[in-house]
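> no sequence on this one, just coordinates:
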Ligand code: DGY
């Protein structure tokens, strides 16, 4: 069988007009996170037509796809779990460290040629230490969402002397006491416990936001949540911007309600300009959604997306098909 391959030539999301010209008659399409128009335009304009068997997204998240439209049409959906777990966990740890150690503010001083006159003042640029120490012998890591990436992040925190792990999971998911016990033993932790959002906010030294996006999780981190966090706590979001109320976070940072925030994702991205209130906060480290951006991981994601596409086209098993 011969496959005709049509490839958008640039390293950016394809133009809508190009897509609409190319897609009629396609059996499968690979899309990116940024192709928010794809699922809607395909179905509302019936652009792809009845040949379409599979949409393969080169992402683990799939909130940009209209799942009910896809399942009604009997179209399969492939996605890319697992292959990006390590890269996103690495970045989550990096952000937690950078925020605690004043990465954003101190780097911009040096970049602007403003090396402080007295850099080694006894308490200059001091922040909360992520590693356990005689002063802070217990370290509690909180996770909103406790799937693969959260657990990989926890694993990276263990050598730093973390003592407690608490997490909030979707209330409709069953408790997993055996997983909690297994992780506690494996990592020598004092406790691993599923908690409600209030307890998570109050007890965590770092809160890692690692749950899927979408309406269900919108603004789980809001003014109320932030108000309950420790003054020295750090918030890290490497999942989706919609989970954190940006305005509430900017206010909390500005008023010193929490120590700082590390964000790889921001509500409303990519429209995040220099005058965004979060960009202006010195204790906010913001990256432009690069969690999975390592050469190794993107190659893995692209390969998996291609394999999913071929599986869907040839009606064979797809390595990572989402159950619709
Ligand atoms: C995903 O794949 O959903 C990630 O956000 C990409 O970094």
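Okay, I see it. Every value quoted in this text rests on a predicted model; they were computed, and no experiment measured them.

> Name the residue of the stretch 151-300 of the chain that lies nearest to the ligand.
Per CB to the nearest ligand atom, residue 292 is where the stretch 151-300 of the chain lies closest to the ligand, at 3.5 Å. C-beta coordinates here come from the backbone N, C-alpha and C atoms, glycine included.

> what about the strands in the stretch 1-150 of the chain?
With strands called from DSSP state E, counting those that start in this stretch, the stretch 1-150 of the chain shows them at 28-31, 54-57, 76-78, 140-144.

> Contacts for the shortest one next, please.
Think strand 76-78. For strand 76-78, the external contacting residues (CB atoms under 8 Å, 6 or more residues apart in numbering) are 53-57, 62, 65, 67, 70, 304-305, 308-309, 311-312, 318-322, 324.

> Just the buried ones from these, in ChimeraX syntax?
Of these, the buried ones go into a single ChimeraX selection, burial set by 16 or more other CB atoms under 10 Å:
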select :53,54,55,56,57,62,65,70,304,305,308,309,311,312,318,319,320,321,322
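
> In helices, which of the contacts of strand 76-78 fall?
Counting by DSSP state H, the part of these found in helices is 67, 70, 304-305, 308-309, 311-312.

> Can you tell me which of those is closest to residue 226?
Nearest to residue 226, judged by CB to CB, of those is residue 67 at 30.9 Å.

> Was I right to think the closest one contacts residue 324?
Yes - if you go by CB atoms under 8 Å, residue 67 and residue 324 touch, sitting 5.9 Å apart.

> returning to that earlier point: need the strands of the stretch 1-150 of the chain in TSV (columns: mean pLDDT and distance to the ligand).
Formatted as TSV, these follow (pLDDT from 0 to 100; distance: least, CB to the nearest ligand atom, whole Å):
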stretch	mean pLDDT	distance to the ligand
strand 28-31	92	12
strand 54-57	94	8
strand 76-78	96	12
strand 140-144	98	16
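
> As JSON lines, the ones you listed with distance to residue 261 would be great.
JSON lines is the format used below for the strands of the stretch 1-150 of the chain (distance: least, CB to CB, whole Å):
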{"stretch": "strand 28-31", "distance to residue 261": "30"}
{"stretch": "strand 54-57", "distance to residue 261": "28"}
{"stretch": "strand 76-78", "distance to residue 261": "32"}
{"stretch": "strand 140-144", "distance to residue 261": "14"}
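
> Looking at those strands, which is nearest to residue 6?
Using CB to CB, the strands of the stretch 1-150 of the chain put strand 28-31 closest to residue 6, at 9.5 Å.

> same for the closest one, what does it pack against?
helix 37-44, strand 54-57, helix 295-313 (3 or more CB pairs under 8 Å, 6 or more residues apart in numbering; DSSP states H and E).
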